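In: just coords:
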C-alpha cells in the first residue's frame, strides 16, 4: 500500500494568480439553497487543491490530503481529477464508485480529521469511461492526479 501526504498550504496573494497548490478564498454575498431550507448568508467559499501530482501505481493507493479547512469530509465537496500529462487540457474527473463485476476497482474517501481525509483506491486500480464511451482501467499508468476540496459553511435554518 503506498501513501502520499499532500503538502503545504499557501495563502494566495491577490497580485499573484493561483498557481495550483494553495489555499484560496472567494467572497460572495447572500444566496439561498431553497429546497433544503438552508441559508447561505455572506460567506467565504474556501478550498484547497493539491496541484498536479505524478503517480504510477494506482492500485491500493492511499492518497492522504491535508487541507486545514476545519471541516469533516461530510461537509466538503471533493473533486478527483486525472491527467495524462499534468495539464488541464488532458484531464478528466473521476467519479465515485466501484465495479461489482471487477473486484477491487474504484475509490472511496475516508474522513480522518477536520483537516485531512484519505482517498483509497481499489486493489486493482480505478475505472473511468473514456470519451468514446469505453470503460478503461487505470492501474500502472504514469499519469497525474489533482484533488480539489471546497468548503462552504451553511447555516441551517
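Out: Here it is on my side, so go on. What you are looking at is a predicted structure, and each value in this text was computed from that prediction instead of being measured.
In: show me where pLDDT drops low in the protein?
Out: Across the chain, the ranges flagged by pLDDT under 70 are 1-45, 96-102, 155-157.
In: give me that answer again for 90
Out: Along the chain, the model assigns pLDDT under 90 to residues 1-47, 68, 95-106, 127, 129-130, 135, 151-157.
In: element containing the residue nearest to residue 93 when sequence neighbours are not counted?
Out: The shortest distance from residue 93 to any non-neighbouring residue, by C-beta to C-beta, 6 or more residues apart in numbering, is to residue 81 (5.2 Å). C-beta here means a position set from N, CA and C on the backbone, and glycine is covered the same way. Per DSSP states H and E: residue 81 is located in strand 76-83.
In: hang on, the earlier thing: and the residue nearest to residue 93, how far is that from residue 92?
Out: From residue 81 over to residue 92 the distance is 7 Å, taken as C-beta to C-beta, to the nearest Å.
In: of the two, which one has the most company?
Out: Ranked by neighbour count (other C-beta atoms under 10 Å), residue 81 and residue 92 place residue 81 first, with 17 against 13.
In: so who does that one touch?
Out: Residues near residue 81 by C-beta atoms under 8 Å, 6 or more residues apart in numbering: 91-94, 145-148.
In: and the gap between it and residue 154?
Out: The gap separating residue 81 from residue 154 is 25 Å, by C-beta to C-beta.
In: for residue 112, same thing?
Out: Counting by C-beta to C-beta, the separation of residue 112 from residue 154 is 22 Å.
In: what's the neighbour count on the closest residue to residue 124 other than its chain neighbours?
Out: Spatial nearest neighbour of residue 124, excluding adjacent residues (C-beta to C-beta, 6+ apart): residue 104 at 4.0 Å. Residues near residue 104, counting by other C-beta under 10 Å, number 13.
In: beta partners of the nearest residue to residue 92 once chain neighbours are set aside?
Out: Leaving aside its chain neighbours, residue 92 sits nearest to residue 82 (6.0 Å; criterion: C-beta to C-beta, 6+ apart). Bridge pairing for residue 82 (DSSP bridges) gives the partners residue 92, residue 145.
In: can you offset everything so residue one is 380?
Out: OK, 380 is where the count begins now, so the last one is residue 461.
In: now do the contacts for residue 461.
Out: Taking C-beta under 8 Å, 6+ apart, we find residue 461 in contact with 470-473, 505, 507, 517, 522-524.
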